[in-house]
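Undergrad: Predicted structure and sequence below. I'll ask about it afterward.
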Amino acid sequence: MLILIMTLVLIFHRVENRLQNVETQFKELNSAMEKLTQKLQFQDKTLEKQVGEDEMWISLLEDRFTSVEINLFYSYVSEMLCCLHSCVRAKLPDLAGGLPTLASVMRRKGKNQKIRLVWEAVLEMLGLQEGDVLALCTFFIIHCSEAQYYPANQRQKYTSDISMMITKVVKNQILQKSLLCAVQVVETQRAQTDPKKIVTLVQK
C-alpha cells in the first residue's frame, strides 16, 4: 500500500512538472505571438502609409492644372511653408541659427526632441498634420521649377474664391485637403501680418 502511495505521489509530481513546463511554453509562445502581431501591425501600417504616399505622388504627377492654377496653388503653398518655418524658428530662438530652412527643421526634428515637440505644437496651432506638410512639399517639389509666385493682390485678379477653385479642380483628396488648410493658414496669418513682410519672406 505504501509503495502504491509513493508511486502515485511520484506520478503526481511528474504530471505537475509537465503542466508547469507546458504553462511556461504557453506563456513564451503567447509572448512570441504578441510580438509577432505587433510587428505585423507595424509593418501593415508602414506599408499602408507607403502605398498612400506612392498613390499621392502618382496622382500629383497625373493631375493636370493650368499654369494659372499652378501659380495660385504654388503661391499659397510657398507662403504656408514659410509661415510654418518662421513659427518653428520663433519658438526656438536658441536653435534658430541652425535651422535656416524648413528642410533643416524636418531633418533635425527626428533626432532632436525639443525641435520635434515645437514642430508638433506649431502644426497643432496652425491646424495642420504631418500628411498636409508632406503633400504640400510634394506639390512644391513637382512644380517649383515652372511655377511663378503671385502676390495676394495679383491672385484676386484670377479668382475671388480660391477654396472653391481648389475643391473643383484638385481631384487628389489628400492634396485638396492640404491646399485648403494652406489657404486657411495663409489667410489667417495675413490678417495678423503686414502683407509686404509675407512677400519678402517668400521671395527669399
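TA: Structure received.

Undergrad: Could you list the low-pLDDT ranges of the chain?
TA: 1-63, 194-204 (pLDDT under 70).

Undergrad: Show me the helices in it, by range?
TA: 2-62, 67-90, 102-108, 113-126, 130-143, 152-155, 162-169, 173-192, 195-203 (DSSP state H).

Undergrad: buried residues in the fifth one?
TA: By 16 or more other Cβ atoms under 10 Å, the buried positions in helix 130-143 come out as 131, 132, 133, 134, 135, 136, 137, 138, 139, 140, 142, 143. Every C-beta, even on glycine, is put in place using the N, C-alpha and C of the backbone.

Undergrad: and what of the second one?
TA: Applying a neighbour-count criterion of 16+ other Cβ under 10 Å, one finds 69-89 buried in helix 67-90.

Undergrad: go on, the shortest one?
TA: Buried residues in helix 152-155, counting neighbours by 16+ other Cβ under 10 Å, are found at residue 155.

Undergrad: Just the CA coordinates for it, please, in CSV.
TA: Output of helix 152-155 as CSV, limited to C-alpha atoms (Å, rounded to 0.1, in the frame of the first residue of the first chain):
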residue,chain,number,x,y,z
ALA,A,152,-2.2,88.4,-52.9
ASN,A,153,-3.4,91.4,-55.0
GLN,A,154,-2.5,89.5,-58.2
ARG,A,155,-4.3,86.4,-57.0
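
Undergrad: Now the two most distant members of the buried residues of helix 130-143.
TA: Spatially, the most separated pair among the buried residues of helix 130-143 is 131 and 143, at 18.7 Å (Cβ to Cβ).

Undergrad: for residue 90, what are its contacts?
TA: Counting by Cβ atoms under 8 Å, 6 or more residues apart in numbering, residue 90 touches residue 96.

Undergrad: Next one: it relative to residue 72, how far apart?
TA: Distance, residue 90 to residue 72, by Cβ to Cβ, to the nearest Å: 27 Å.

Undergrad: again with residue 187
TA: Relative to residue 72, and taking Cβ to Cβ, residue 187 is found at 13 Å.

Undergrad: Just give me the neighbour total for the residue lying closest to residue 159 once chain neighbours are set aside.
TA: The shortest distance from residue 159 to any non-neighbouring residue, by Cβ to Cβ, 6 or more residues apart in numbering, is to residue 165 (5.1 Å). The number of residues packed near residue 165 is 18, by other Cβ atoms under 10 Å.

Undergrad: can you pull the contacts of residue 165?
TA: Contact partners of residue 165, counting by Cβ under 8 Å, 6+ apart, are 69, 72, 159.

Undergrad: so the second one sits right up against residue 159, yeah?
TA: Just to be clear, that refers to residue 72. Yes - between residue 72 and residue 159 there is a contact under Cβ atoms under 8 Å: 6.8 Å.

Undergrad: Please report how far residue 163 lies from residue 181.
TA: For residue 163, the distance to residue 181 - Cβ to Cβ - is 11 Å.

Undergrad: ok now do residue 140, which residues does it touch?
TA: By Cβ under 8 Å, 6+ apart, the neighbours of residue 140 are 74, 77, 78, 81.

Undergrad: before we move on, what about residue 137?
TA: residue 81.

Undergrad: Distance-wise, check it relative to residue 158.
TA: Between residue 137 and residue 158 the computed distance is 24 Å (Cβ to Cβ).

Undergrad: Perfect, that will be all.
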